[in-house]
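Student: Pasting the sequence and the predicted model now:
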Amino acid sequence: MKPGGLLNVEFAGFFFYIGGFVMKINIQNLEHNVLEHEGNIETDFLEPELQRNYPHALNVRVKLDRFGKDYKIDVSIRTRAHYICDRCLKEYEPEFTANLSQVYQSDDGELLQDDDIKMLPANAVEIDINPLLHEAIVLHHPIKMVCSEDCKGICPGCGADLNIDTCTCSAGNVDPRWAELKKLIK
Ligand SMILES: [Zn+2]
Ligand SMILES: [Zn+2]
């Protein structure tokens with residue numbers, strides 16, 4: 001993966017990265033009301049727990065719309081995730097996409113009471129995109145991780161991975177603890 005910083009040197013003035021994983025938009029002296037950009041950034045800014053699931057660089061597309069002193073930013077993220085299957089415990093790396101929009105309002109006294117709007121200091125020179133990327137990933141992070149819809153999982157009796165092995169419980173190789181129980185039943 002290319003380090004994020006290199007791709008975006010040409011955008012100096014609008015976007016700049018620090019250390020390859022910080023994404024900010026410089027909103028001073030914007031020449032246009034709409035700004036679009038695509039680049040790769042590393043995931044070091046994610047919480048460690050989340051970074052384990054997203055270790056590969058994120059391809060990020062950012063669109064900024066300016067409305068006077070207010071801004072709307074849309075991000076869309078594409079990467080390969082790193083998950084562990086809940087059923088068979090194997091690691092797999094599916095494609096992961098996430099998107100999110102956020103409105104930023106300049107703090108010039110007329111505050112809108114709205115949870116969906118983030119406030120910017122009146123003299124803000126940049127908007128930090130990292131919290132938005134973090135939130136987008138959290139919102140699209142799966143609750144259940146399954147390597148494939150028809151993953152057969154692991155047999156709770158003999159521990160065989162039923163995708164590649166056959167269960168040995170039914171072949172008479174019963175767990176010794178169960179064998180003891182069976183004797184008692186007889
Ligand atoms: Zn699986
Ligand atoms: Zn079994």
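Tutor: Looks like it came in fine. On a predicted model such as this, the values are computed, not experimentally measured, just so you know. Numbers count the residues shown, from 1 in each chain. Ligands and ions are numbered 1, 2, ... in the order given.
Student: For the residue nearest the centre of the chain, identify the helix or strand it belongs to.
Tutor: Residue closest to the mean C-alpha point of the chain, counted by C-alpha atoms, centre = their mean, is Ile137 at 3.1 Å. Assigned by DSSP states H and E, Ile137 belongs to helix 130-140.
Student: buried stuff in that helix?
Tutor: Across helix 130-140, burial judged by 16 or more other C-beta atoms under 10 Å covers Leu132, Leu133, His134, Ala136, Ile137. Every residue, glycine included, has its C-beta placed from N, CA and C.
Student: now Arg52, what's its secondary structure?
Tutor: helix (DSSP: H, G, I helix; E, B strand; the rest coil).
Student: I figured the residue nearest to the centre of the chain hits Glu47, correct?
Tutor: No - using C-beta atoms under 8 Å, Ile137 is not in contact with Glu47; the gap is 9.8 Å.
Student: coming back round to it: out of the buried residues of helix 130-140, which one sits closest to ligand 1?
Tutor: Using C-beta to the ion, Ile137 comes nearest to ligand 1 of the buried residues of helix 130-140, at 22.2 Å.
Student: so what's the closest one up against?
Tutor: Applying C-beta atoms under 8 Å, 6 or more residues apart in numbering, we find Ile137 in contact with Leu46, Leu50, Tyr54, Ile77, Ala98.
Student: Reformat those as JSON lines; add neighbour count and pLDDT.
Tutor: Below are the contacts of Ile137 laid out as JSON lines (neighbours: other C-beta atoms under 10 Å; pLDDT from 0 to 100):
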{"residue": "Leu46", "neighbour count": "20", "pLDDT": "94"}
{"residue": "Leu50", "neighbour count": "14", "pLDDT": "95"}
{"residue": "Tyr54", "neighbour count": "20", "pLDDT": "98"}
{"residue": "Ile77", "neighbour count": "21", "pLDDT": "97"}
{"residue": "Ala98", "neighbour count": "20", "pLDDT": "98"}
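Student: What parts of this structure come near ligand 2?
Tutor: Counting by C-beta under 5 Å from the ion, the residues of the chain close to ligand 2 are Cys155, Gly157, Cys158, Cys167, Cys169.
Student: Break this structure down into its domains, please.
Tutor: Using automatic domain parsing, the domain parsing of the chain gives 4-151, 153-186.
Student: Can you tell me how far Asn53 is from Asp116?
Tutor: Between Asn53 and Asp116 the computed distance is 26 Å (C-beta to C-beta, to the nearest Å).
Student: The two: who's more crowded?
Tutor: More neighbours surround Asn53 than the other of Asn53 and Asp116, with 17 against 8 (other C-beta atoms under 10 Å).
Student: Tell me if I'm right that the more buried one and Thr79 touch.
Tutor: No - under the criterion of C-beta under 8 Å, Asn53 makes no contact with Thr79, lying 10.1 Å away.
Student: And for stretch 85-96, what's in contact with it?
Tutor: Stretch 85-96 has contacts (C-beta under 8 Å, 6+ apart) with 54, 56, 77-84, 140, 144-147, 151-154, 161-163.
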